[in-house]
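next comes the sequence, and after it the predicted model I'd like to discuss.
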Amino acid sequence: MAADNVLEGIVTDALAELQRIESGVFQFGQRVRLFLQQLPADLPEPTAVTPSVTDSVDRSYLHMLVRTPDEVEAWATWLGEPVKRDEHPTAVFTSVTGTVDELRVYVGCMTLLSPQAGQAAAAEGGDC
């Protein structure tokens, strides 16, 4: 009988955790839907939009790609967050991360460097 009670407790805990996860994913989906329905018309349109549910629903985010660093800058101004630039030998990644109505939003772009610029960066000791 004691083993049945232990198993029952384990199953109850697992079902409660599953309920928490399902609820979190549902709420994340609702926030994404609302955000996408109300995209500001004066901001650059994204070329790709991907809702990303991570290992923790609390860290899930909406990933949007735009064409240029200037477009990332426009989103950064709207989000009220600083732009981040990561330089690598062959490309520069420009991004901003912010929160809108409890939804984490990532906007970024990648600018490829010319082969000559990539070689110069590599010669300076840069690597990914």
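Now that the structure is in, tell me what you want to look at. Numbering: from 1, shown residues only.

helices and strands of this protein: which one bottoms out on pLDDT?
When the helices and strands of the chain are scored by mean pLDDT, DSSP states H and E, helix 115-123 comes last with a mean of 57.

ok, and the closest non-adjacent residue to V32?
P51 (4.8 Å; Cβ to Cβ, 6 or more residues apart in numbering). For every residue, glycine as well, the C-beta is placed using N, CA and C.

can you classify M110 as helix, strand or coil?
State at M110, reduced to three classes by DSSP: H, G, I helix; E, B strand; the rest coil: strand.

which strand residues bridge it?
Applying DSSP bridges to M110 gives these bridge partners: F93.

tell me the contacts of it?
The contact partners of M110, by Cβ atoms under 8 Å, 6 or more residues apart in numbering, come to A91, V92, F93, T94.

with I21 instead?
I21 neighbours (Cβ under 8 Å, 6+ apart): V57.

let's go with 10 Å and repeat that
The neighbourhood of I21, defined by Cβ atoms under 10 Å, 6 or more residues apart in numbering, consists of V53, S56, V57.

doesn't it fall inside a helix?
Yes - checked against three-state DSSP, I21 lies within a helix.

just the strands in the chain please.
Assigned strands in the chain, in chain order: 48-52, 61-65, 84-87, 91-100, 103-112 (criterion: DSSP state E).

wait, which of these is closest to E71?
Among the strands of the chain, strand 103-112 comes nearest to E71, with 6.7 Å by Cβ to Cβ.

who does Y61 bridge with?
The partner list for Y61 in beta bridges (DSSP bridges) reads S52, R104.

neighbours of it, how many?
Using other Cβ atoms under 10 Å, Y61 has 18 neighbouring residues.

ditto for D86
Neighbour count of D86, defined by other Cβ under 10 Å: 12.

partner residues bridging it?
The partner residues for D86, given DSSP bridges, come to F93.

any low-confidence regions in the protein?
Within the chain, the stretches with pLDDT under 70 are 1-3, 116-128.

let's see that with 80 instead.
Of all residues in the chain, those with pLDDT under 80 make up the ranges 1-4, 54-58, 114-128.
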